[in-house]
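*Asks:* Everything below, folded, please.
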Amino acid sequence: MLADKELNALENSVFSFEKLDKQKGLNNKQTKRYLADLIRLSELYIKQNRTLDALERLNTCIRRYEQSLEELRFPASADFGKAYALLGDIYYYKPENFESALSLYAKAESNGYVTPEMDYHRGYIYYRKETLDDYRLALSYFYRASLNVKPTPYLLMALGNTLYKRGDYFASQSYYKALVDRLQTELDLIPNPSPQQRPSHEEIVRLLVAARNNLGAAYLRVANLMGDSSKRAEAMAQFTESARIFDSLTRDQKTMIRSDAKNYGFLNLDFVLHPKRDIDIILDTVIKADMHFPQ
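*Replies:* Residues are numbered from 1 along each chain as shown. Next up, the predicted model:
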């Protein structure tokens, strides 16, 4: 109800500013208020899935803002740089136009607007490109996001996976270990976990399965590099636990029939016990498009 009132008030305000602008123009103070109202109105449109309305308002805002900068009416501001980030998010989430999103995020930052969420999105885009140089860029954005907010489980997984992909197994195991400890603690604090009935519980368990598997992979890489048998044993323990949790989560509780989905922990444990040619350790490479947890 309050959101509807705010939306109506903003629409009326924007309409009034645009009418005044046609009649005699807006002074600097009025222009700033007009831009701020366009940005806030766009945010509300996005929350209501009115993407086309948000696109129209944000493009109007950016055009007027850039015009004001060219006319030296006021300096660049993070408050208005937010418009680029919001438009970037629309391209990021909806049509998945990553190149346009990257360009808009860069403009937002050049105007002083940077958030951990925006850095995560940029990291995610580069991570998806799957080249060593892109992994380097992805890591820089994920790391910067982690400096300005308490890392969420999704951000920890993104950092661990990116480091692993770059061959930095020593660092990746630290992030995976932190993730496993955090998820296990969170799961232990739930009185009666019901992952097959409650989506939030299922998300914790599924991420724990992936985290333990990936931690095992990092341990095994380190063991091979150092010739450390204790790390190899830790890797096997993580694969075993990942496989056990996966089986418990995916097995039909009535028929007890196992799922056809690939159990990475089991496959990796089998690889350690029975090494074969042309087969390597399987890393769960999937990371979430948004860092907020649980979704």
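
*Asks:* make it CA atoms for all contacts and neighbour counts henceforth
*Replies:* OK.

*Asks:* what helix or strand does residue 68 sit in?
*Replies:* Using DSSP states H and E, the secondary-structure element containing residue 68 is helix 51-70.

*Asks:* Show me what that helix is packed up against.
*Replies:* Under the contact criterion of 3 or more Cα pairs under 8 Å, 6 or more residues apart in numbering; DSSP states H and E, the helices and strands touching helix 51-70 comprise helix 28-47, helix 78-93.

*Asks:* I'd like to know which elements the longest one is packed against.
*Replies:* The one in question is helix 28-47. Judged by 3+ Cα pairs under 8 Å, 6+ apart, the packing partners of helix 28-47 are helix 2-23, helix 51-70, helix 78-93.

*Asks:* got the buried residues for the helix or strand that contains residue 104?
*Replies:* When secondary structure is defined using DSSP H and E, the element that contains residue 104 is helix 98-110. Neighbour-count burial for helix 98-110 flags 98, 100-102, 104-109 (criterion: 16 or more other Cα atoms under 10 Å).

*Asks:* Give me the average confidence score over that helix.
*Replies:* This predicted structure assigns helix 98-110 an average pLDDT of 97.

*Asks:* Would you mind writing the CA trace of whichever helix or strand comes after it as CSV?
*Replies:* Note on helix 98-110: by DSSP H and E, the next helix or strand toward the C-terminus is helix 116-129. Written as CSV, here are the backbone C-alpha positions of helix 116-129 (Å, rounded to 0.1, in the frame of the first residue of the first chain):
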residue,chain,number,x,y,z
PRO,A,116,29.2,-5.0,-3.8
GLU,A,117,26.2,-6.3,-5.8
MET,A,118,27.4,-4.5,-8.9
ASP,A,119,30.9,-5.8,-8.5
TYR,A,120,29.5,-9.4,-8.1
HIS,A,121,27.6,-9.0,-11.3
ARG,A,122,30.7,-7.9,-13.2
GLY,A,123,32.6,-10.8,-11.7
TYR,A,124,29.9,-13.2,-12.7
ILE,A,125,30.0,-12.0,-16.3
TYR,A,126,33.7,-12.4,-16.6
TYR,A,127,33.6,-15.8,-14.8
ARG,A,128,31.1,-17.0,-17.5
LYS,A,129,33.6,-16.1,-20.3
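
*Asks:* helix or strand right after helix 116-129?
*Replies:* Moving toward the C-terminus from helix 116-129, the next helix or strand (DSSP H and E) is helix 132-147.

*Asks:* what's in contact with that next one?
*Replies:* Residues external to helix 132-147 that are found in contact with it (Cα atoms under 8 Å, 6 or more residues apart in numbering): 115-117, 119-120, 122-127, 129, 151, 155, 158-159, 162-163, 165-166.

*Asks:* Please export the C-alpha coordinates of the helix or strand following it as PDB.
*Replies:* Sequence order places helix 153-165 as the next helix or strand after helix 132-147, per DSSP H and E. These are the backbone C-alpha positions of helix 153-165, laid out as PDB (Å, rounded to 0.1, in the frame of the first residue of the first chain):
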ATOM      1  CA  PRO A 153      27.900 -18.200   0.800                       C
ATOM      2  CA  TYR A 154      27.400 -17.500  -3.000                       C
ATOM      3  CA  LEU A 155      30.200 -15.000  -2.900                       C
ATOM      4  CA  LEU A 156      32.500 -17.400  -1.100                       C
ATOM      5  CA  MET A 157      31.700 -20.100  -3.700                       C
ATOM      6  CA  ALA A 158      32.400 -17.600  -6.500                       C
ATOM      7  CA  LEU A 159      35.800 -16.700  -5.000                       C
ATOM      8  CA  GLY A 160      36.700 -20.300  -4.400                       C
ATOM      9  CA  ASN A 161      35.800 -21.400  -7.900                       C
ATOM     10  CA  THR A 162      37.500 -18.500  -9.600                       C
ATOM     11  CA  LEU A 163      40.800 -19.100  -7.700                       C
ATOM     12  CA  TYR A 164      40.600 -22.800  -8.500                       C
ATOM     13  CA  LYS A 165      40.100 -22.100 -12.200                       C
END
